[in-house]
Every structure is written in C-alpha cells, then in structure tokens.
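what's the 3D shape of this:
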Amino acid sequence: QVQLVESGGGLVQAGGSLRLSCAVSGRTFSGYAMAWFRQAPGKEREYVAAITRSGGRTYYADSVKGRFTISRDNAKNTVYLQMNSLKPEDTAVYYCAARSSGTSYLSREYNYWGQGTQVTVSS
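Residues are numbered from 1 along each chain as shown. A predicted model of the protein is given here:
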C-alpha cells in the first residue's frame, strides 16, 4: 500500500506564492508517476500537473503553465508543487496522486491519493 500526505497549503494574497509537498511512503517512490489535481467547491476535480517517474519530464494544465512548477526528490520520497503568481481562481483543495506507470491527466487512472490540502487565494 502507498500512503500520500500533502502539506503546505494555506491562505495567501493574489500574486503570492506557496509550495506544496507530498510525502510518499509504503513502496518504491521512484516507481510511480506523480501528479497534482485540485478541486474547487462545486466543481469537478481537475488536473494541474504531472511528472514522470525519473522527474525528467513535466506536464501542466494550460491554466497553470508558466506559474506552477512540479518537481520531485526521489531520495526524499517527496513531490512538490511550487505555485507562483497565484490567482483567486486557484483556490481549491489540492491533491497529490500516484500512478504505477506513466503520467496521465485523467484522475481515474491514478491508483493512490492523498487527503488534500486547502489553498485559498484572496483578492
């Protein structure tokens, strides 16, 4: 079994930055592609970013491209999401997810999920 624990969420003003972390335990971290998703109140969960098992390739939703950066440290079993130039529309619960194969932008293709961390961006 794989356990994922997110941290780093909080309240920030528009234009500010936050760095989310997701600590993974239970299996070989480097064997999993990782992704971040988010869900705002009343909306469906949406894809934010993904990173390959080696960290060599990253992918982003158009809505965050150029503002967010996903990265991973396989020695620390942790994936990160650096969020800059935050906007009120980025307000959501952010989830990290693990997939025991390649990356995907589809939430249904991820095997393991964290409990989520709240990000609130005030205008």
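
As a check, name the ranges of all strands in this protein.
3-7, 10-13, 18-25, 33-39, 46-51, 58-60, 68-73, 78-83, 92-99, 112-113, 117-122 (DSSP state E).

So which residue is dead centre in the chain?
What sits nearest the mean C-alpha location of the chain, by CA atoms, centre = their mean, is Trp36, with 2.4 Å.

I'd like to know how far the closest residue to it other than its chain neighbours sits from Phe37.
Closest residue in space to Trp36, ignoring its immediate chain neighbours: Val48 at 4.3 Å, by CB to CB, 6 or more residues apart in numbering. For the C-beta atoms, the positions are set from N, CA and C on the backbone; glycine is no exception. Distance, Val48 to Phe37, using CB to CB, to the nearest Å: 6 Å.

Now do the contacts for the residue lying closest to Gly10 once chain neighbours are set aside.
Distance criterion CB to CB, 6+ apart; nearest residue to Gly10, sequence neighbours excluded, is Leu18 at 6.3 Å. Contacts for Leu18 were tallied using CB atoms under 8 Å, 6 or more residues apart in numbering; they are Gly8, Gly9, Gly10, Val12, Met83, Leu86, Val119.

pretty sure the fourth one contacts Leu86?
Yes. The pair Val12 and Leu86 qualifies as a contact (CB atoms under 8 Å) at a distance of 5.7 Å.

between the two, who's got more neighbours?
Leu86 (22 against 17; other CB atoms under 10 Å).

and the closest residue to the more buried one other than its chain neighbours, bridged to which residues?
Counting by CB to CB, 6+ apart, Val121 is the residue found nearest to Leu86 once chain neighbours are left out, at 4.6 Å. Per DSSP bridges, the residues bridged to Val121 are Val12.

Check the burial of Val121 by counting its neighbours.
Residues near Val121, counting by other CB under 10 Å, number 20.

Please tell me I have it right and it contacts Gly10.
No. At 10.0 Å, Val121 and Gly10 do not qualify as touching, with contact defined as CB under 8 Å.
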